[in-house]
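[1] predicted model, plus sequence, below.
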Amino acid sequence: SAGKSSVLESIVRKNFLPRGGGIVTRRPLIIQITQEILSTESWACFLHQPDKKYTDFDEVRDEIVAETNRLCGDSKNILPDPITLKIYSADLPSLTLVDLPGIVKVPVGDQPENIEEQTINLVKSFVQNPNSIILAVSPGNVDLANSEALKMARQVDPESRRTLAVITKADLMERTTENRLVLEGKSIPVKLGIIGVINRSQVKIEEGQPITQCLEEEELFFKSNYNYISGEMGTPYLTKRLCQILLEHVKECLPELIIRITEQKVIQQNILDSLGTKVDDPFEMLIQLLYKFCQIFDKNIDGKESIKLCNGKEISGGRHLFQQFENTIGSDLEHLVLPEDIEQQIEDEIMSSSGAKPALFTPNVTFENLASNQVKIYVQPVKKAIKKCCETITEITMVVSKNIFRRFPNLKREAHHICLSLIMSKTQAVEQFLDNYLKCEISYINTNHKLFTKDRKKIEEENLDEDSQNLPFEKKNVKRIRALLELYSDIIKNQLMDVVPKTVMSFMVYSFKEDLHKELIKRLADKQKIGDLMKEDVFIEEKREKATRMLEALEKADAV
């Protein structure tokens, strides 16, 4: 009712906005006017229909109504989702205007009870931006002191530094001294000024009065009634003033804008670099990616590069493997000691080996059986170490493949399957070797081991404790065998702590490194599969196009 639509149409000089009773503007309408000097006609397009060109502005109005109803429905509800309309014309200055809903005081129809709060919040979401200029439109037949538009503008712009007041229906204002002071800006201070305009009446709109004729009548009215300020009244001056304000605002913000444009250019260029260029030769790109994948994996294992694991920790693969050896085979074996009932087991084993007669000497088989049982306990820590190292290699390949093949989901999936298959085969080789090694240790207890024979003499010569001389022969024998078992167990544990890492690194890690590239080439470098493998993720394509458009826009802005 304040005449916002008429003001906008007068600036654009086209009839293109919906009209009617009640609340008509139910979604923000962003109007981007671009001056095209070489254009012979005015035309428009919508952001949601970028490929459709409108030259008939009645169709523009119909599309605004249709797009509003698409989200808002036929009710009188409002939504914050904007409609963006771009208008190109040789006769118009470059401006961006936003048409916002008016404040609804009383809900009608199926509008919610808090419709006033909704409209206020929607308007504030735009006018709170410190870089926006507030065009506060108020009708001339209402006391400006009671203007809802100026009231809201004051809430977000208390000093009126970025508020421009527009009084519509100036021809309906009473010719009083007070109103003259209002138009002169002496009654209510608004820093950017107060400009009066005249709207076409509904009757003239329905009769099809051209906007140009309305502008002529507007000019005549102000010259006849407010001649001394007529040069600063009317729609043409409003358009000129808006351009001046925009230019002054741009100059004021220019240093900051240049910095922000430069920063955004770097950001968008980095995004494009990370996404990569479009694939011209899929086969060549595949070969390059496979080589790069293997190269990064090798460097990571060798400690020359680090990667970020799934838990967010950044570490080199080689270091990670070393920690797995320390935390599994090293730590677990260190904590494995002889069971608490080992002396009872020794006594039972001696009795079993001696048969019906008391043993004068301890049979070798007694020690061998007990030592074999102790070695069997080490099987689980060895298997655990193999499993952890297998998981580590798998995790490293997953992280590297995610980084290298992120643009190509099909290639990433196939490469991952090949890596898993190769890791499993190398793991089986490790398991087979260590399984055989442990079987050897279990089946043959080497009591002639250099370290064992060296320390065995010491154990047999010295007393195990101060009271050992007073112990019966059988108890002394049990203590001696226990000490020998501890000695032999430590020897086997130390050997495993050396053999397991060497076996894993040789049979799993280094063998995997050697075979990885040729296995990937063998199974993926198939020209019949290349089209499917090198199909980019749709999200990547969209992101690249968006970043390209943004960078082009920033380049243009930087060149202005």
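    In hand now; what should we look at?
[2] now do the helices in the stretch 101-250 of the chain.
    For the stretch 101-250 of the chain, applying DSSP state H, counting those that start in this stretch gives helices covering 115-127, 148-156, 177-183, 202-206, 211-225, 235-275.
[3] switch those helices over to a markdown table; also include mean pLDDT.
    A markdown table is the format used below for the helices of the stretch 101-250 of the chain (pLDDT from 0 to 100):
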| stretch | mean pLDDT |
| --- | --- |
| helix 115-127 | 86 |
| helix 148-156 | 87 |
| helix 177-183 | 80 |
| helix 202-206 | 76 |
| helix 211-225 | 88 |
| helix 235-275 | 84 |
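[4] got JSON lines for those, with distance to residue 62 and mean neighbour count too?
    Placement of C-beta: from N, CA and C, glycine included. Shown next, in JSON lines, are the helices of the stretch 101-250 of the chain (distance: least, C-beta to C-beta, whole Å; neighbours: other C-beta atoms under 10 Å):
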{"stretch": "helix 115-127", "distance to residue 62": "24", "mean neighbour count": "17"}
{"stretch": "helix 148-156", "distance to residue 62": "28", "mean neighbour count": "18"}
{"stretch": "helix 177-183", "distance to residue 62": "37", "mean neighbour count": "16"}
{"stretch": "helix 202-206", "distance to residue 62": "16", "mean neighbour count": "12"}
{"stretch": "helix 211-225", "distance to residue 62": "19", "mean neighbour count": "15"}
{"stretch": "helix 235-275", "distance to residue 62": "25", "mean neighbour count": "14"}
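[5] could these go into a markdown table alongside distance to residue 28?
    Shown next, in a markdown table, are the helices of the stretch 101-250 of the chain (distance: least, C-beta to C-beta, whole Å):
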| stretch | distance to residue 28 |
| --- | --- |
| helix 115-127 | 7 |
| helix 148-156 | 15 |
| helix 177-183 | 29 |
| helix 202-206 | 23 |
| helix 211-225 | 23 |
| helix 235-275 | 18 |
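[6] and of the ones you listed, who's closest to residue 38?
    helix 235-275 (20.0 Å; C-beta to C-beta).
[7] for the stretch 301-450 of the chain, what spans make up the strands?
    For the stretch 301-450 of the chain, the strands defined by DSSP state E, counting those that start in this stretch cover 307-308, 314-315.
[8] of those, flag the one that's most buried.
    Mean neighbour count (mean count of other C-beta atoms under 10 Å) peaks for strand 307-308 among those, with a mean of 16.
[9] what's it in contact with?
    296, 300, 314, 315, 316, 317, 396, 399, 400, 403 (C-beta atoms under 8 Å, 6 or more residues apart in numbering).
[10] quick one: buried residues of the helix or strand harbouring the first one?
    In this case it means residue 296. Per DSSP states H and E, residue 296 falls inside helix 282-301. Across helix 282-301, burial judged by 16 or more other C-beta atoms under 10 Å covers 282, 285-286, 289-290, 293-294, 296-301.
[11] do the same with stretch 180-200
    Buried-residue list, stretch 180-200, by 16+ other C-beta under 10 Å: 180, 182-183, 185, 187, 190, 192-200.
[12] quick one: distance of stretch 150-168 to the chain centre.
    Relative to its chain's centre, stretch 150-168 lies at 38 Å (C-alpha atoms, centre = their mean, to the nearest Å).
[13] and residue 56, how many residues sit next to it?
    As a burial measure, residue 56 scores 11 neighbours (other C-beta atoms under 10 Å).
[14] so how far is residue 5 from it?
    Using C-beta to C-beta, to the nearest Å, one gets 18 Å for the distance from residue 56 to residue 5.
[15] from the buried residues of helix 282-301, pick the one nearest residue 249.
    residue 285 (47.1 Å).
[16] nearest spatial neighbour of residue 334, chain-adjacent residues omitted?
    residue 493 (7.5 Å; C-beta to C-beta, 6 or more residues apart in numbering).
[17] repeat that for residue 535.
    Nearest non-adjacent residue to residue 535, counting by C-beta to C-beta, 6+ apart: residue 410, 5.8 Å away.
[18] and that neighbour, what does it touch?
    By C-beta under 8 Å, 6+ apart, the contact set of residue 410 is 532, 533, 534, 535.
[19] repeat that for residue 343.
    By C-beta under 8 Å, 6+ apart, the contact list for residue 343 reads 478, 479, 482.
[20] repeat the analysis, applying 10 Å as the threshold.
    Residues near residue 343 by C-beta atoms under 10 Å, 6 or more residues apart in numbering: 475, 478, 479, 481, 482.
[21] save those residues as TSV, and put in neighbour count and pLDDT too.
    Conversion of the contacts of residue 343 to TSV gives the following (neighbours: other C-beta atoms under 10 Å; pLDDT from 0 to 100):
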residue	neighbour count	pLDDT
475	14	75
478	22	79
479	17	81
481	23	83
482	18	84
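[22] re the thing from before, out of the buried residues of helix 282-301, which two sit at the greatest distance?
    282 and 301 (28.8 Å).
[23] wait, which of the buried residues of stretch 180-200 is closest to residue 102?
    Checking the buried residues of stretch 180-200 against residue 102 by C-beta to C-beta gives residue 199 as the nearest, at 14.6 Å.
[24] the closest one contacts residue 9, doesn't it?
    Yes - the pair residue 199 and residue 9 passes the contact test of C-beta atoms under 10 Å, sitting 9.0 Å apart.
[25] mutual contacts of those two, please.
    With contacts defined as C-beta under 10 Å, 6+ apart, the residues adjacent to both residue 199 and residue 9 are 3, 205, 214, 235.
[26] that older thread, of the strands of the stretch 301-450 of the chain, which is nearest residue 444?
    strand 314-315 (40.1 Å).
[27] mind checking the SS state of the closest residue to residue 456 other than its chain neighbours?
    Spatially, and ignoring its direct neighbours in sequence, residue 456 is nearest to residue 484 (6.4 Å; C-beta to C-beta, 6+ apart). Under DSSP: H, G, I helix; E, B strand; the rest coil, the three-state class of residue 484 is helix.
[28] how many neighbours does residue 484 have?
    Using other C-beta under 10 Å: residue 484 sits among 20 other residues.
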